[in-house]
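**Student:** after the sequence you'll find the predicted model.
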Amino acid sequence: MSLKITNELVNGIERHVEAAYPEEGAGFLLGVNGEVREILSLPNAREDEARHNRFLFTPEDYLKAEMKAMELGVDLIGVFHSHPDCPNVPSEYDREWAQPFFSYIISRVDKGKTVSHRSWRLVEDRSTYEEEEISIQ
């Protein structure tokens, strides 16, 4: 499976995660059938001392994302977040909190600048991730 996203939306992700640096930045991916139509950037609700390598969405954040998706006539299809100064592969913590069928874009941010994006999907039995292609249009 591949994830489609416009260059404009990728630029929005980069602006958000670079502004959050050296903490993790995060948000939701809204779209249809693997095509991202909108991003919803959110503040990191994790406690201060953990934000450098963890992010947290509140129940209100999920509600806001679901409402925005309904308003746009699309679905909540995934999450984006950054890994400041470390590889953009899912951590064990990421796997524990992930949901099957979501796409997870992880952006590597080194010294405040985004250097790459990779997308992952949790396999159905939740044991591991499979990398999925990102098609930037």
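**Tutor:** Good, I have the coordinates.

**Student:** please count neighbours and contacts with C-alpha atoms only from this point.
**Tutor:** OK.

**Student:** any idea how many residues pack against residue 18?
**Tutor:** For residue 18, the neighbour count with other C-alpha atoms under 10 Å is 23.

**Student:** tell me what the helix or strand containing it is packed against?
**Tutor:** Following DSSP states H and E, one finds residue 18 within helix 7-20. Contacting helix 7-20 under the criterion 3 or more C-alpha pairs under 8 Å, 6 or more residues apart in numbering; DSSP states H and E are the following elements: strand 35-42, strand 75-84, strand 103-110, strand 113-122.

**Student:** centre-most residue in this structure?
**Tutor:** Nearest to the mean C-alpha position of the chain, counting by C-alpha atoms, centre = their mean, stands residue 80 at 0.8 Å.

**Student:** re the thing from before, which outside residues touch the helix or strand that the helix holding residue 18 is followed by?
**Tutor:** Going down the chain from helix 7-20, the next helix or strand is strand 26-32, by DSSP H and E. Applying C-alpha atoms under 8 Å, 6 or more residues apart in numbering, the contact partners of strand 26-32 are 16-17, 36-44, 55, 65, 69, 74-82.

**Student:** got the CA coordinates for the lowest-mean-pLDDT helix or strand in the chain in PDB?
**Tutor:** Lowest on mean pLDDT, DSSP states H and E among the helices and strands of the chain sits helix 92-97, with a mean of 87. C-alpha atoms of helix 92-97 as PDB (Å, rounded to 0.1, in the frame of the first residue of the first chain):
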ATOM      1  CA  GLU A  92       8.500   0.200  20.800                       C
ATOM      2  CA  TYR A  93       6.500   3.000  22.400                       C
ATOM      3  CA  ASP A  94       5.100   4.000  19.000                       C
ATOM      4  CA  ARG A  95       4.000   0.300  18.400                       C
ATOM      5  CA  GLU A  96       2.300   0.000  21.800                       C
ATOM      6  CA  TRP A  97       0.100   3.000  21.000                       C
END
